[in-house]
Every structure is written in structure tokens, then in C-alpha cells.
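>>> below is the structure, and that's it, no one-letter string:
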């Protein structure tokens, strides 16, 4: 159970998503980066208890898994989950509890039942694994609402609140969950070598951040 802040803190955590340069994405955190090892531990624990997060593949080989990955990121992650995480991250930074609740309601309405079940299951475990952390702010208030049955602990909402609490910047918020989605969703026994090119974690993160910036500019 996480009780202390990670060793890697970001001083610019309160900048909005569009202010975070996508150049940061190029400096991806490595799997052995001890500063973010807690992220892998937390998600690994979640998937051991709940199986896949929101990406699943039954592909019998890497080409088939990559087809499923492309469908997932094009139809679910880029249009829905990434924007939800960025909105939740900003809401948590702004201490906007109503914004987090609204986001959970929207996810209830838009996710299919199976994806929603995985999202809520993983989010519940993330809440459990961080209940000992100090100075929880929006994350603690979100936990209280979940305990009272007033909101659902969807993965994008809970992870966004955790990332804000631990001062992760937007690129790490997105890249971390992409990596864990890939690991959890690949069929057992297949190598977990990361996707490359436009389907890579860095490219998808940059795409999501650019889309968020464009949306805010139009608004």
C-alpha cells in the first residue's frame, strides 16, 4: 500500500494539459526507472486481481494483437479514455470534485458494460492501494464518495486523481497507463514487446495531448 510520495516529483504539476510540451514524450520513462516503479507495482497488483484493464486481445500472435491494439486505441483510448484522463487530471489539480464526479457519470453512460466492469474493478483496486497516502485531497474525497455509493471508481478518474496527487505531468499520466494496458491485455505467453511507430506509447501520448490542445483552443 502506497503511503509516501514517489521519489520523482514534478514542479510544474499545476500547468494545464496543453501547456505540457509534447517534447517531454520523447524522454519516455524506462521500465527500470525507479522513480516510477510504484506505477508498475500498483497496476500489476490491479491486473493480478482483476485481469485486463480496458484493453483485451485474444490474438494468437503479435500481428493479431497489434490489430486489436490499433482498434482499441482508435475507437476507445484516443476518443474517450485519454481525454477523460486529461480532464480528470486537470479537475484533480483544480480541486474540482464535481468535475471528477461528472466524468465518472459520463463514463458510466458511454462505456459498454464489459469495459465499464473492468474499468471499475481496476479503479477500485487503485483506490485500495493508495488509501494510506498522506494529504490525499481530491483523491481522498473521491474515495469517500465511492464508499458512500455516490460515484463509481472508474479507472481513468481514479488514475487521474492519483497522478495529480503524486505530481505526474500529463505525458507520464498517459504513457504509464498505455504501457500497463498493453501488458495486461496481451494474451498470456506472448512477448510484451512494445508497439512501434504510430501505435507506440509515445506517439499515442503525443496524439492525445495534441488533440486536447486543439479542443481547448477551439473551445
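Thanks, I have the structure now. Everything numeric here is computed off the predicted structure, so don't read it as measured data. Numbers count the residues shown, from 1 in each chain.
>>> setting aside sequence neighbours, what's the nearest residue to the residue nearest the centre of the chain?
Residue closest to the average C-alpha location in the chain (C-alpha atoms, centre = their mean): residue 177, at 4.2 Å. Setting aside the residues directly before and after it, residue 177 is nearest to residue 159 in space (C-beta to C-beta, 6 or more residues apart in numbering), at 5.9 Å. Using the backbone N, CA and C atoms, a C-beta is placed for each residue, glycine as well.
>>> any idea how far that neighbour is from residue 63?
Distance, residue 159 to residue 63, by C-beta to C-beta, to the nearest Å: 29 Å.
>>> the more surrounded of the two?
residue 159 (30 against 8; other C-beta atoms under 10 Å).
>>> tell me which element that one is part of?
helix 155-165 (DSSP states H and E).
>>> can you give me the buried ones in stretch 189-202?
Applying a neighbour-count criterion of 16 or more other C-beta atoms under 10 Å, one finds 195, 199-202 buried in stretch 189-202.
>>> what helix or strand does residue 41 sit in?
helix 37-50.
>>> distance of residue 212 from residue 102?
From residue 212 to residue 102 the distance is 17 Å (C-beta to C-beta).
>>> those two: who's more crowded?
residue 212 (22 against 16).
>>> what about the helices in the protein?
37-50, 62-72, 82-93, 97-110, 113-129, 138-147, 155-165, 170-185, 201-218 (DSSP state H).
>>> tell me, how many neighbours does residue 40 end up with?
Residue 40: 17 neighbours (other C-beta under 10 Å).
>>> quick one on the thing from earlier: pick the one among the buried residues of stretch 189-202 closest to residue 41.
residue 201 (18.4 Å; C-beta to C-beta).
>>> residue 95 - how many residues pack around it?
So residue 95, with other C-beta under 10 Å, has 12 neighbours.
>>> show me the contacts for it.
Contacts for residue 95 (C-beta atoms under 8 Å, 6 or more residues apart in numbering) come out as 137-138.
>>> do the same with residue 85
156, 159-160, 163, 173-174, 177.
>>> from residue 164, how far off is it?
Residue 85 is 10 Å from residue 164, by C-beta to C-beta.
>>> where's residue 212 relative to residue 205, distance?
From residue 212 to residue 205 the distance is 11 Å (C-beta to C-beta).
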